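J.: I need the structure of the sequence given here:
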Amino acid sequence: MKANTRDIGFAIRDFLEDLDISAFTPDGVEGYREKPRAHNIQFVDVSDPNNPKIFLTNGQIFTVRIFAE
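T.: Numbering: from 1, shown residues only. Have a look, this model is predicted:
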């Protein structure tokens, strides 16, 4: 049986919930550098597991679009 986008959505939730992510900022010389402040992933909403929403504790929301090739 093949995995589908829904399976990947649930995996994203399982891997990311309650983790801290680093913030990166453009740096003209070195490309990107890590900011000293990280953001916490509050939760991942998989009510639509094909397009999970990632909620950060700072109020930002990201929607992930999953495409199978």
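
J.: going forward, measure contacts and count neighbours with C-alpha atoms only.
T.: OK.

J.: tally of neighbours for residue 4?
T.: Residues lying near residue 4 (other CA atoms under 10 Å) number 12.

J.: quick check: chain neighbours aside, which residue is closest to it?
T.: residue 68 (7.4 Å; CA to CA, 6 or more residues apart in numbering).

J.: now do the one you found, the pLDDT please.
T.: Note on residue 68: pLDDT of 89.

J.: in the protein, which spans are helices?
T.: Along the chain, counting by DSSP state H, helices occupy 5-16.

J.: surely residue 22 and residue 39 touch.
T.: Yes. Counting by CA atoms under 8 Å, residue 39 is a contact partner of residue 22 at 6.4 Å.

J.: ok, the strand ranked longest in the chain: who's next to it in the sheet?
T.: Secondary structure of the chain per DSSP state E: the longest strand is strand 31-45. Using DSSP bridges, the strands paired with strand 31-45 are strand 20-27 (antiparallel), strand 53-56 (antiparallel).

J.: let me see the contact set for residue 16.
T.: Neighbouring residues of residue 16 by CA atoms under 8 Å, 6 or more residues apart in numbering: 41, 43-44.

J.: list only buried entries from those.
T.: When the contacts of residue 16 are checked for burial by 16 or more other CA atoms under 10 Å, the buried set is 41, 43-44.

J.: for the most centrally placed residue in the chain, give me its contacts.
T.: Centroid-nearest residue in the chain, with CA atoms, centre = their mean: residue 54, separated by 5.6 Å. For residue 54, the contact set (CA under 8 Å, 6+ apart) comprises 41-45, 61-64.

J.: now for the residues you listed: which two are most distant?
T.: Farthest pair in the contacts of residue 54 (CA to CA) is 42 and 64. Separation: 15.4 Å.

J.: of the two, which one has the most company?
T.: Neighbours were counted for residue 42 and for residue 64 using other CA under 10 Å; residue 42 has more, 17 against 14.

J.: got the end-to-end distance for stretch 45-56?
T.: Taking CA to CA, to the nearest Å as the measure, stretch 45-56 stretches 11 Å from start to finish.
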